[in-house]
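> Need coordinates for the following:
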Amino acid sequence: MWIIFELIPLLFIFFILMLLLNPLMWLFMLFFLPVILLGVLYFLSLEVMLLALINLIVVPKQLWLMFKNPILRKNHALEHATINVLEERYGELRELGGLADNDGFYIFYSDLPLMPQEVLDAAKEGLARLKAGERDLAIHERCGTSITITNLILSAILIILLIFGGYFDLLHLLLVFAVAYVASRPLGRLAQRYITTDPEVRDMEIVGVDIRPFVKYMGIPVPVFSNKLFIETRRIPRAVRIFP
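All right, here's what the predicted structure looks like:
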């Protein structure tokens, strides 16, 4: 879809140049341009529908896999708690991001004067406060869960409009985006609270902080071109929890 959007300005410049060089292009614009535009809209609608169908399959699967992984959910909660603590100290940090994994979580940032020890201290404070009952620390407004929920809502509504309603125009498209934007915030928080995070971290501990050149996404090492730290966590053995 983005390829089509990128080609539109180039096509516009091409037609302007042709109009200036050849007056016969006016006839082409009059008779053939509407056909070309209809063709672009047709293929655009097919691509949007295809992406929507993919989202309807992939997004629920991603949420389900995360829901079934208790350690990943706990580390996701700790990641949010760490970022929330850092933002309490330094204000809103939009350059700050995170990604949970099975053995800890990543904190990556750019153009922020954060030291590894500061991030580690924030992680330890977040863990202690979650253990003390501050469950809201596990929720963050900019979490990717909200974006995922937005994509799911958009995809569901677009499929309904395109397949069952036969509607695909600018007005309905804007309406779909407005509905998805408004609904994504509360639904995203609910999804974080009950699906993608688990604030019950009494059985977790922070091991340390490390600098890693790659971020693992779904088990695949991916380079991230920003400062990145890995906060290693582990589950406290049951015997230690019972007999400290």
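
> And the residue lying closest to N75 once chain neighbours are set aside, how far from R212?
Distance criterion C-beta to C-beta, 6 or more residues apart in numbering; nearest residue to N75, sequence neighbours excluded, is A100 at 4.2 Å. Quick note: C-beta positions are derived from backbone N, CA and C, even for glycine. As judged by C-beta to C-beta, to the nearest Å, A100 and R212 stand 14 Å apart.

> Looking at these two now, which is surrounded by more residues?
Ranked by neighbour count (other C-beta atoms under 10 Å), A100 and R212 place A100 first, with 23 against 15.

> partner residues bridging that one?
F105 (DSSP bridges).

> Hmm, it is touching P70, no?
No: between A100 and P70 there is no contact under C-beta atoms under 8 Å: 11.9 Å.

> Helices of the protein, residue ranges please.
2-21, 25-31, 33-67, 70-90, 116-131, 144-159, 170-191, 238-242 (DSSP state H).

> And for D203, the neighbour number?
Using other C-beta under 10 Å, D203 is surrounded by 16 other residues.

> thought it was touching T233?
No: with contacts counted by C-beta under 8 Å, D203 stays clear of T233, the gap being 10.5 Å.

> quick one: contacts for E125?
Counting by C-beta atoms under 8 Å, 6 or more residues apart in numbering, E125 makes contact with V85.

> next one: E205
Contacts here follow C-beta under 8 Å, 6+ apart; on that basis E205 touches L127, T233, R234, I236.

> Of those, keep whichever come out buried.
Listed as buried from the contacts of E205 are L127, T233; burial here means 16 or more other C-beta atoms under 10 Å.

> Tell me where the protein is predicted with low confidence.
1-55, 162-174, 176, 213-226, 238-244 (pLDDT under 70).

> which residues touch the residue nearest to H80 when sequence neighbours are not counted?
Excluding its sequence neighbours, the residue lying closest to H80 (C-beta to C-beta, 6+ apart) is H140, at 4.3 Å. For H140, the contact set (C-beta under 8 Å, 6+ apart) comprises H80, I83, N84, Q192.
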